[in-house]
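[1] Below is the sequence, then the predicted model.
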Amino acid sequence: MAKLSKKAKAQAPTVDRTKLYGVDEAIAIVKANATAKFDETIEVALNLGVDPRHADQMVRGVVNLPKGTGKTVRVAVFAKGGKADEAKAAGADVVGAEDLMETIQGGQIDFDRVIATPDMMGVVGRLGKVLGPKGLMPNPKLGTVTMDVTKAVSDAKSGQVEFRVEKAGIVHAGIGKASFSEADLKENFTAFMDAIIRGKPPGAKGKFVKKLSLSSSMGPGVKINLDEVAGA
């Protein structure tokens with residue numbers, strides 16, 4: 001068995017691994033254990049009763065966190081002409097077309113979100129093997145293939161979070177920073193969970209949310225009582 005670090009040993013008594021905590025108490029414990037020298041991300045992790053290998057059990061979407069993410073998001077936009085100008089005015093960090101495609105093919109990916117106008121998808125499509133595995137491929141269902149690049153860039157910059165179920169039915173995402181107030185973290189948590197519940201796929205049978213926990217980047221996980229989450 002691996003030895004616990006001094007920090008892990010100190011934190012261990014603060015979390016009862018067998019207990020299911022209320023949301024408010026869980027947030028308080030997670031914040032108290034976020035003692036790293038940087039502003040730790042507060043993360044939510046779920047185990048869902050779905051098999052993402054089946055198309056009708058895929059869970060994927062976006063949610064605008066009301067209190068933001070606390071993270072600086074770099075946005076790349078594939079657009080030309082007036083739409084490229086709009087993207088730049090909206091605050092996009094990188095804007096281009098074939099030139100941006102070549103930059104990405106060269107291995108330079110210094111952004112967190114990719115947006116494209118529909119007419120640019122022929123170019124973006126060539127990057128599927130590069131952007132796809134990183135979860136960066138633009139998608140109309142996520143609002144990242146759109147003519148309204150101003151709104152898309154603004155949403156990405158102001159606290160929009162993408163989520164997607166992984167193998168074994170796991171979803172995880174950051175919902176804020178340890179420096180956020182408990183009230184702001186709860187508001188973001190509630191918005192995120194509402195989006196997950198609304199995203200329940202038609203093929204999901206039985207219990208949808210099986211397990212739910214909160215943690216900070218370096219802290220222990222705190223299990224949450226699902227009775228406190230509406231629709232779970």
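    In hand now; what should we look at?

[2] how about low-confidence regions in this protein?
    1-13 (pLDDT under 70).

[3] now do 50
    Applying pLDDT under 50 to the chain flags residues 1-4, 9.

[4] Tell me how it divides into domains.
    Listed domain ranges for the chain are 18-68+160-228, 75-157 (source: automatic domain parsing).

[5] first vs last residue of the first one, how far apart are they?
    Start and end residues of domain 18-68+160-228 are separated by 17 Å (Cα to Cα, to the nearest Å).

[6] Have a look at the protein and report its longest helix.
    Longest helix in the chain by number of residues (criterion: DSSP state H): helix 182-198.

[7] Test my guess that A204 contacts H54.
    No: if you go by Cβ atoms under 8 Å, A204 and H54 don't touch, sitting 9.8 Å apart. For the C-beta atoms, the positions are set from N, CA and C on the backbone; glycine is no exception.

[8] Just want to know which of these two has more residues nearby.
    Set side by side, A204 and H54 show more neighbours around A204, with 19 against 11, by other Cβ atoms under 10 Å.

[9] residue contacts, the more buried one?
    Counting by Cβ atoms under 8 Å, 6 or more residues apart in numbering, A204 touches L48, G49, V50, Q57.

[10] The same query, at a cut-off of 7 Å, please.
    G49, V50, Q57 (Cβ atoms under 7 Å, 6 or more residues apart in numbering).

[11] Same question for it, what's its three-state structure.
    Put simply, A204 is coil when judged by DSSP: H, G, I helix; E, B strand; the rest coil.

[12] for it, phi and psi?
    Backbone torsions for A204, taken as degrees, to the nearest 10, come to phi -70, psi 130.

[13] And it, how close does it get to A232?
    Distance of A204 to A232, given as Cβ to Cβ, to the nearest Å: 12 Å.

[14] repeat for V30
    From V30 to A232 the distance is 19 Å (Cβ to Cβ).

[15] again, but for R17
    From R17 to A232 the distance is 21 Å (Cβ to Cβ).

[16] do V50 as well
    14 Å.

[17] A45 reaches G174, doesn't it?
    No: with contact defined as Cβ atoms under 7 Å, A45 does not reach G174; the gap is 10.7 Å.

[18] Tell me which of those two has more neighbours.
    Between A45 and G174, counted using other Cβ under 10 Å, the more crowded position is G174 (18 against 15).

[19] element containing A156?
    A156 is part of helix 149-158, with elements assigned from DSSP states H and E.

[20] hmm, back to that, quick one, which of V30 and A232 is more surrounded?
    Between V30 and A232, counted using other Cβ under 10 Å, the more crowded position is V30 (27 against 19).

[21] measure the residue nearest to that one when sequence neighbours are not counted to V59 for me?
    Leaving aside its chain neighbours, V30 sits nearest to L214 (4.9 Å; criterion: Cβ to Cβ, 6 or more residues apart in numbering). From L214 across to V59, the span is 19 Å (Cβ to Cβ).

[22] And for V209?
    10 Å.

[23] Name the residues contacting each of the two.
    Residues touching both V209 and V59 (Cβ under 7 Å, 6+ apart): L48.

[24] contacting residues around T117?
    Taking Cβ under 7 Å, 6+ apart as the test, what T117 contacts is F78, A79, K83, M147, V149.

[25] Need the buried ones from those selected in PyMOL.
    What follows is the PyMOL syntax selecting those of the contacts of T117 that are buried according to 16 or more other Cβ atoms under 10 Å:
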select buried, resi 78+79+83+149
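
[26] about what we covered before: who does the longest helix of the chain touch, helix- and strand-wise?
    Contacting helix 182-198 under the criterion 3 or more Cβ pairs under 7 Å, 6 or more residues apart in numbering; DSSP states H and E are the following elements: helix 23-33, strand 41-48, strand 60-64, strand 170-177.
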